[in-house]
Each structure stands twice: as structure tokens, then as C-alpha cells.
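Trainee: After the sequence you'll find the predicted model.
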Amino acid sequence: MRLDVFLTAGELAGADCTGRVVAVIDVLRASTTIVTALANGARAVVPFADADELMTRARQFERGDVRLAGERRMLPIEGFDLGNSPAQFTTDAVGGMTVLMTTTNGTRALVGAQGAVDVVVAAYVNLSVVTAMLRTALRGGTDVVIACAGQDGHYALEDAACAGRYVRMVTRRLSGVAMNDAAHSCALLARNYGDEIGTVFLDSAHGRALADAGFREDLALCAAVDAYPIVPVFTERQITKLGIDRER
Ligand code: MLT
């Protein structure tokens, strides 16, 4: 049984994830926003590394069936329907829609997760259900990776702290789980912060940048533990929620 944490999207892209379950975290804000979109009725979220590729794919849809979403430098992309603020992904905005999405780090990390048994989108808003899924995987003998998107190729405190929360919960009362150094470090970080997720966010460069850019309310939405108990699974190029028809 192995549980490893990767601290950047680059580490994930370069890793062999064959046979593993991978949970991708970009807690500020892409993974939170994807969970929110699916919880509010989006049919699917399709992640793209870049906007040009997204626009090419968009032409294959009826315009009324899709929402174009994403950010660059935290702000909505010109001509898109939505940015990357979870507050925008209401039932009115995304219900029944396929959301085509590109963000600076989060969607890139997802696209880079290759060869895994399952790729799931993880955040604080779906902490307990994704934890349960990862524990089931480990108990069944499947190794797990928790992959942080990070920030522009670098370590991001908020993703590491969220990963640590997962490590602590996933391994609770499970013996014999081998972990890499990053998993141990993230677990200590999460223990240090405890439930002070707001403090994590304001200690992080990206959290402060979001607050300065007028997205302070998003920080509260991203810190809402278990607000949306769904497991988004990325398979066949799209993210849908694991449900009755897609039990694992
Ligand atoms: C990203 O993918 O880099 C983030 O979600 C950026 C953001 O907060 O909009």
C-alpha cells in the first residue's frame, strides 16, 4: 500500500501513474469550481490546457449546450461565459450544460494525469467522500497519488495543506501505508493548521492574490468542508460525477 503526494503538476506529468488512483487538488480554485459545477447540475466538465484547444472543441457542440469557462491571471477569459469563481457556477449558469474549462494550473494538472486507474478531482468541499474512495482503493491494494496542481510549476501552500488533510484522513487507523516524504510533510502541515483553512489561504501567495483581486468570497467557498459530497471522475476526456450509473 502506497500513498504519495506530488507537489507540482510537473511532477505528476512526469510520473508513471499506471495502476494507481490519482486525486488532483487545485483547491484555489479550479478543483473547488469543478466540484461546484457538477454539484449544481453540470452534465460534465471538460478540462483543457489551453484556450485555443478549448475553442476548437467548442465548435463541435451546439452553442446552447456548452459553457466556456476559465481564467488567466485569475480573471475570466475574454469572450467566455464564466471565469473560475465557484460562486458563478450556479444551477442557473451550468445546469444541464457541458462546461469546457481552462485554468492556469488546475486543468493543466488534470490533463497531465495519464494512465491512472481513476483520476478524481479533490478539494475541501468534497473531502469526506473522496477520502472514502481513496481509503477503499488503498484497502483493495491500489496505490494512491494525491497530486497538487501548484502554482506556475512551483509549490503552493494551499494545495499542500489540503493534500495533508487528505493524507491524515485517508491513513487514519490504516497500518502499513508507505508514504513519500512529501506526504509526511503535508500531513504535518495540515496538523499544524488544524481547521484553520482560512488562515492557510491567507498565508498562501495565491490566496492573498485572490483576496487582493476581489475574490475574497471565493476563499470562504473553497474552505467549505464537505459542502458538496460528490466524487468527480475524469475519464474519456471528461469529468463527471460518480453516481448510481457509474459506481466503482
Ligand atoms: C489555477 O488553475 O491556476 C487556479 O484555479 C487559478 C485561479 O484561482 O483562478
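Mentor: Received, thanks. Bear in mind the structure is a predicted one, so any value in this text is a computation, not a measurement.
Trainee: got a list of what the most centrally placed residue in the chain touches?
Mentor: Nearest to the mean C-alpha position of the chain, by Cα atoms, centre = their mean, lies residue 31 at 2.8 Å. With contact set as Cβ atoms under 8 Å, 6 or more residues apart in numbering, residue 31 has these partners: 24, 25, 106, 121, 122, 123, 149. In short, each C-beta sits where N, CA and C put it, glycine included.
Trainee: ok, and the closest non-adjacent residue to it?
Mentor: Excluding the flanking residues, the one nearest residue 31 by Cβ to Cβ, 6 or more residues apart in numbering is residue 123, at 4.3 Å.
Trainee: and that neighbour, backbone torsions?
Mentor: phi -160, psi -180 (degrees, to the nearest 10).
Trainee: What residues does the protein have near the ligand?
Mentor: 26, 28, 29, 30, 71, 74, 84, 103, 104, 105, 106, 210 (Cβ under 6 Å from any ligand atom).
Trainee: hang on, the fifth one in a strand?
Mentor: Yes: under DSSP: H, G, I helix; E, B strand; the rest coil, residue 71 falls within a strand.
Trainee: rewinding a little: out of the residues of the chain next to the ligand, who's the most crowded?
Mentor: Highest neighbour count within the residues of the chain next to the ligand, by other Cβ atoms under 10 Å: residue 26, with 34 neighbours.
Trainee: can you pull out the helices in this structure?
Mentor: Secondary structure of the chain by DSSP state H: the helices cover 9-13, 30-39, 51-58, 91-94, 106-111, 127-139, 157-170, 181-193, 197-203, 205-212, 216-222.
Trainee: follow-up on the earlier one: next one, pLDDT for the residue nearest to residue 31 please.
Mentor: With respect to pLDDT, residue 123 scores 98.
Trainee: Just give the number of residues close to it.
Mentor: When neighbours are counted by other Cβ under 10 Å, residue 123 registers 33.
Trainee: so where's the chain uncertain?
Mentor: Low-confidence segments of the chain (pLDDT under 70): 244-248.
Trainee: now with 90?
Mentor: The model of the chain has pLDDT under 90 over residues 13-16, 112-115, 242-248.
Trainee: Give me the nearest residue to residue 112, chain neighbours excluded.
Mentor: Distances taken as Cβ to Cβ, 6+ apart place residue 13 nearest to residue 112, at 3.6 Å, with adjacent residues excluded.
Trainee: who are the neighbours in contact with the one you found?
Mentor: Counting by Cβ under 8 Å, 6+ apart, residue 13 touches 109, 112, 114.
Trainee: Tell me who's in contact with residue 102.
Mentor: With contact set as Cβ under 8 Å, 6+ apart, residue 102 has these partners: 47, 48, 49, 50, 51, 53, 54, 69, 70, 77.
Trainee: ok, the first one - contacts?
Mentor: Read that as residue 47. Counted by Cβ under 8 Å, 6+ apart, residue 47 has contacts 34, 101, 102, 106, 107, 110, 111, 234, 239.
Trainee: I'd like those residues laid out as CSV, including distance to residue 136.
Mentor: As requested, the contacts of residue 47 are exported to CSV (distance: Cβ to Cβ, whole Å):
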residue, distance to residue 136
34, 21
101, 28
102, 31
106, 25
107, 26
110, 21
111, 25
234, 18
239, 20
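Trainee: out of these, who's nearest residue 160?
Mentor: Taking Cβ to Cβ as the measure, residue 106 is the one of the contacts of residue 47 closest to residue 160, at 14.8 Å.
Trainee: Now that closest one: closest residue in space, sequence neighbours ignored.
Mentor: Spatial nearest neighbour of residue 106, chain neighbours left out: residue 30 (2.4 Å); criterion: Cβ to Cβ, 6+ apart.
Trainee: which of the contacts of residue 47 tops the neighbour count?
Mentor: Of all the contacts of residue 47, the highest neighbour tally under other Cβ under 10 Å goes to residue 34, namely 34 neighbours.
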